[in-house]
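Q: Here's a sequence, model it:
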Amino acid sequence: MSLKCSVLASGSTGNAIYVETGKQRLLIDAGLSGKKVEQLLAKVSCNPKELDGILVSHEHSDHIKGVGVLARKHGIPVYANSLTWKAMDSQIGTVDPGQKFHFERGEVKSFKDLDVESFGVSHDAADPMFFVFHHEGKKLTLATDMGYVSEHIKGTIQNSDMLIFESNHDMNMLRMGRYPWNVKRRILGDLGHVSNEDAALALAEVIGDNTSRVYLAHLSQDNNMKELARMTVSQMLEEKGHGVGSEFHLLDTDPYTPTSLIEV
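A: All right, here's what the predicted structure looks like:
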């Protein structure tokens, strides 16, 4: 009956997270083809027909590409807030009205033995939000696609048992890279993405005694590397007095290979 999670895919090419308890199986975002999401779910022994819902964080294609296909093929309910539904309706194709549910920002919704708390983030989407999952005293946080980490977010995700947290880019790689300036400015802005350095500063404030695992997520393929993100965040956390490897584990995610199904 424990809370378990796998990061199926994470990065600029597509994002999907799987969360399960003894009574619920949820997919958070489906930013790859329906076929690819099915293949990733199979690697953690989940049949998509057994999913109880798809939660959508926002309407960008790397989070919704497979939502419509999966919903239609397997009859899965889809949950998103009102503005996200409006923004993504034309992108995901027809979904049966009986499968469309509203889950608003700042709401707590119960899925049998799993309570899901949504919180708003600063990103260039209609009404982006991410989630904290609560089950039998355990707390799992998913927080990516943020231009910055607000005090409200820090308070919401404080002392999670497990965090899946954005570490999108290395500042120097982005500034020196091939992207045009308008794209760089968007990524660096308050509606863009969190850098390795900013991720470390935010994590230093929210990691608590209960925190056992932190996964660095949504890494840019062009402006980051796993080793660089992990090294930067680890060094900065150590400087802030956090024992990486002793107090908690700092772990990678991958755009193509799912993490193990881990108990929170």
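
Q: as a whole number, average confidence for stretch 196-208?
A: Stretch 196-208 comes out with an average pLDDT of 98.

Q: just how off-centre is that stretch within its chain?
A: 16 Å (Cα atoms, centre = their mean, to the nearest Å).

Q: Can you list the neighbours in contact with that stretch?
A: 148-149, 154, 157-160, 163, 165-171, 194, 214, 216, 224, 228-229, 232-233, 235-237, 240, 242, 247-248 (Cβ atoms under 8 Å, 6 or more residues apart in numbering). Where you see a C-beta, it was placed from the backbone N, CA and C, and this is true even at glycine.

Q: Can you flag the buried ones in those?
A: Neighbour counting over the contacts of stretch 196-208 (16 or more other Cβ atoms under 10 Å) leaves 148-149, 157-158, 160, 163, 165-170, 194, 214, 216, 224, 228-229, 232-233, 236-237, 242, 248 as the buried ones.

Q: now, which of the residues you listed lie within helices?
A: Judged by DSSP state H, the subset of the buried ones among the contacts of stretch 196-208 located in helices is 157, 228-229, 232-233, 236-237.

Q: could you dump those to CSV with distance to residue 220 and pLDDT?
A: Listed next are those as CSV, based on distance: Cβ to Cβ, whole Å; pLDDT from 0 to 100:
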residue, distance to residue 220, pLDDT
157, 22, 98
228, 11, 98
229, 10, 98
232, 13, 98
233, 15, 98
236, 18, 98
237, 21, 98
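
Q: What is the most widely separated pair among those?
A: 157 and 228 (23.9 Å; Cβ to Cβ).

Q: end to end, how far does stretch 124-134 reach?
A: End-to-end distance of stretch 124-134: 27 Å, with Cα to Cα, to the nearest Å as the criterion.

Q: Show the average pLDDT along that stretch.
A: Averaged across stretch 124-134, pLDDT comes to 98.

Q: Same check on stretch 145-153?
A: What stretch 145-153 shows for mean pLDDT is 98.

Q: Show me what counts as buried in that stretch.
A: Result for stretch 145-153 [16+ other Cβ under 10 Å]: buried residues 145-150, 153.

Q: what do you get for stretch 88-101?
A: 88, 92, 95.

Q: Pull it out as CSV, backbone CA atoms only.
A: Provided in CSV are the C-alpha atoms of stretch 88-101 (Å, rounded to 0.1, in the frame of the first residue of the first chain):
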residue,chain,number,x,y,z
MET,A,88,-4.8,22.2,-25.1
ASP,A,89,-8.2,21.1,-26.5
SER,A,90,-7.2,21.7,-30.1
GLN,A,91,-3.9,20.0,-29.7
ILE,A,92,-4.9,16.7,-28.2
GLY,A,93,-7.9,15.9,-30.5
THR,A,94,-11.4,14.8,-29.4
VAL,A,95,-11.7,13.5,-25.8
ASP,A,96,-15.0,12.1,-24.7
PRO,A,97,-16.7,14.7,-22.4
GLY,A,98,-17.1,11.9,-19.8
GLN,A,99,-13.4,11.6,-19.6
LYS,A,100,-12.7,15.4,-19.1
PHE,A,101,-12.3,16.6,-15.5
